[in-house]
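>>> sequence and predicted model, in that order:
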Amino acid sequence: MDIAKRSKSNPLLSPSDLKPGIDGMEITCLLNPGVFRLHDKTWLLLRVAERPKQIEGKISFPVYNESGKIEVLSFDKDDPQLDASDPRVIKYKGQNYLTTLSYLRLVCSDDDINFYEDPAFPPIFGQGYLESFGIEDCRVATMEDGFYLTFTEVSPVAVGVGLITTKDFQHFDRKGMIFPPHNKDCAIFEEKINGMYYALHRPSSPELGGNYIWLAQSPDRIHWGNHKCVATTREGRWDSARVGAGGAPIKTAEGWLEIYHGANKEHRYCLGALLLDLDDPSKVIARSEEPIMEPIAGYEQTGFFGNVVFTNGHYVDGDIIRIFYGASDEVICSAEFSINEILHSLRK
Ligand code: MAN
């Protein structure tokens, strides 16, 4: 059952609301923001996906070349070597490329509805070979000693998880890839448990296993080990093809509550909840049978890639979780959940 209370102002942000960040490009999509509170404002670390204006019969997209400069690659749409059946990814002569280049960009708001940019806060662009196809879907863990940003690094050789730390979102410390390929959807727990740090992550093991949510442990948030699988896909259900963590797990009296995404074979993305043991988060106490949110609004069903609700950021205010989410891989929206209502749905 869909128990999300969508904002009446949805969508909050669309591609035309911002100016492109890369010379000569257009903004194609705004997606899946990381979320944090700072200076009494709500901040979204948007994933902005850009490409050049498309010309008839061609597919053109930017990448970073070896010297870190933007270069546009272009393929003929009718080239028999090209597979362009997915609007997000294309395959040419056995190599996969993304159809857009993503980077991260900050906007803030005093009312959670109207978001604006502050020029003092620079965007975060991909840097180096492992980010040459861009960086995506950043989770922001708000921790005692600063903000921990985990995001997808995409390049010709890998999809993996990168880490950046910052105290002020003006100076950044790039720590490199912390979860090697194929991995994404990494959400760090915002406090230690029995002296150790924990994170959810999503390795893919296509030959044996699948796209499952795993838990890892770390003494320092750089080096991760003691990996355990906490949630697999479920055949024939709404989360049959892939599952992945959303934003940072939320501490409740009953356990760590994680809102996760699940997609089926038709690439329909819904949200569900996982409840993990407070003391040992590798123990799953409960999991949603049915989604707590499904793509049912028009802007969630139609867009760059339709039938998608995808969240990787929220903040908590008492019983309320306010999530920000990407709808149809094109626009940014928000919705509220009651923690009690989610916990109640897990008891059934
Ligand atoms: C993947 C990621 C997300 C995206 C969904 C739906 O999980 O690339 O960024 O929102 O697919 O396309």
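In hand now; what should we look at?

>>> what is the burial count for I342?
By other C-beta atoms under 10 Å, 22 other residues sit near I342. The C-beta positions use only the backbone N, C-alpha and C, and glycine is treated the same way.

>>> actually A216, not the one I typed
21.

>>> ok, it - contacts?
F179, Y198, A199, L200, H201, W224, G225, N226, H227, K228 (C-beta atoms under 8 Å, 6 or more residues apart in numbering).

>>> P87 is in contact with F304, correct?
Yes - using C-beta atoms under 8 Å as the test, F304 is close enough to P87 to be in contact (6.2 Å).

>>> in terms of neighbours, single out the busier of the two.
Set F304 next to P87 and count neighbours by other C-beta under 10 Å: F304 wins out with 21 against 16.

>>> A141 contacts Y148, doesn't it?
Yes - between A141 and Y148 there is a contact under C-beta under 8 Å: 4.2 Å.

>>> are there residues contacting both of the two? Which ones?
Contacts common to A141 and Y148, judged by C-beta under 8 Å, 6+ apart, are I188.

>>> before we move on, back to that, which among the contacts of A216 end up buried?
With neighbours counted using 16 or more other C-beta atoms under 10 Å, the contacts of A216 contain these buried positions: F179, Y198, A199, L200, H201, W224.

>>> grab the nearest non-local neighbour of the residue of the stretch 51-200 of the chain found nearest the ligand.
Nearest to the ligand, among the residues of the stretch 51-200 of the chain, is D137, at 4.8 Å (C-beta to the nearest ligand atom). For D137, ignoring the flanking residues on the chain, the nearest one in space by C-beta to C-beta, 6 or more residues apart in numbering is N32 at 4.6 Å.

>>> surely the one you found is in a strand?
Yes - checked against DSSP: H, G, I helix; E, B strand; the rest coil, N32 lies within a strand.

>>> what distance do you get for it to the ligand?
Here the criterion is C-beta to the nearest ligand atom, to the nearest Å. By it, N32 lies 5 Å from the ligand.

>>> before we move on, back to that, looking at the contacts of A216, which one is closest to Y64?
Y64 has its nearest neighbour among the contacts of A216 in F179, at 21.3 Å by C-beta to C-beta.

>>> what helix or strand is the residue of the stretch 51-200 of the chain closest to the ligand on?
D137 belongs to strand 135-143 when assigned by DSSP states H and E.

>>> return the residues in contact with W214.
L200, H201, R202, P203, H227, K228, C229, V230.

>>> which of these sits closest to T165?
Closest to T165, out of all of these and judged by C-beta to C-beta, is H201, at 17.3 Å.

>>> surely that closest one is in contact with F179?
Yes - assessed by C-beta under 8 Å, H201 is found in contact with F179 at 5.2 Å.
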